[in-house]
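K.L.:
Structure for this input, please:
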Amino acid sequence: MLNKDNWVLGFLLGLLVPMVVYGIILLILMPHGHVDGLIYRPRPNAPSLAAICSNLFLFRYYMVNKKFDRTGRGLLLVTFALILFSFYFFSR
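P.N.:
Residues are numbered from 1 along each chain as shown. Below is the predicted model of the structure:
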């Protein structure tokens, strides 16, 4: 399934991978007292931006190694959308 060159795969991977990475980051920070429930207190946008940056590794893999342009474009589209959403949401 991951060897297809289509926008939908890039879109789904672009949404799924940052959510998983964000969950892992919260699990790492929770024992240290930085997380209250599911909200990171000192800097709320740092874990989310780190999770979004995880898409860059997938983007490079699909564009350079696999030569899948459509999947890479889907990943890039979702990455830009998540960055804009993150800046808008956390700038308030």
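K.L.:
which element follows the lowest-mean-pLDDT helix or strand in the chain toward the C-terminus?
P.N.:
Every helix and strand of the chain was ranked by mean pLDDT, DSSP states H and E. The lowest is strand 39-40, at a mean of 57. Using DSSP states H and E, the next helix or strand after strand 39-40 towards the C-terminus is helix 45-60.
K.L.:
So which elements touch the very next helix or strand once past that following helix?
P.N.:
Sequence order places helix 69-90 as the next helix or strand after helix 45-60, per DSSP H and E. The contact analysis (3 or more CB pairs under 8 Å, 6 or more residues apart in numbering; DSSP states H and E) places helix 69-90 against helix 7-29, helix 45-60. All C-beta atoms are positioned from the backbone trio N, CA, C, and that covers glycine.
K.L.:
Same list, these, but as JSON lines with mean pLDDT please.
P.N.:
Formatted as JSON lines, these follow (pLDDT from 0 to 100):
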{"stretch": "helix 7-29", "mean pLDDT": "92"}
{"stretch": "helix 45-60", "mean pLDDT": "89"}
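K.L.:
Could I get those helices in TSV, plus columns for distance to residue 70?
P.N.:
What follows is the helices and strands packed on helix 69-90, written out as TSV (distance: least, CB to CB, whole Å):
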stretch	distance to residue 70
helix 7-29	5
helix 45-60	12
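K.L.:
Compare those and report which one is nearest to residue 74.
P.N.:
helix 7-29 (2.2 Å; CB to CB).
K.L.:
Compute the distance from the centre of the closest one to the centre of its chain.
P.N.:
When distances are taken as CA atoms, centre = their mean, to the nearest Å, helix 7-29 is centred 5 Å away from the chain's centroid.
K.L.:
tell me which residues in that helix are buried?
P.N.:
Under the neighbour-count criterion of 16 or more other CB atoms under 10 Å, helix 7-29 has 9-14, 17-18, 21-22, 25-26, 29 buried.
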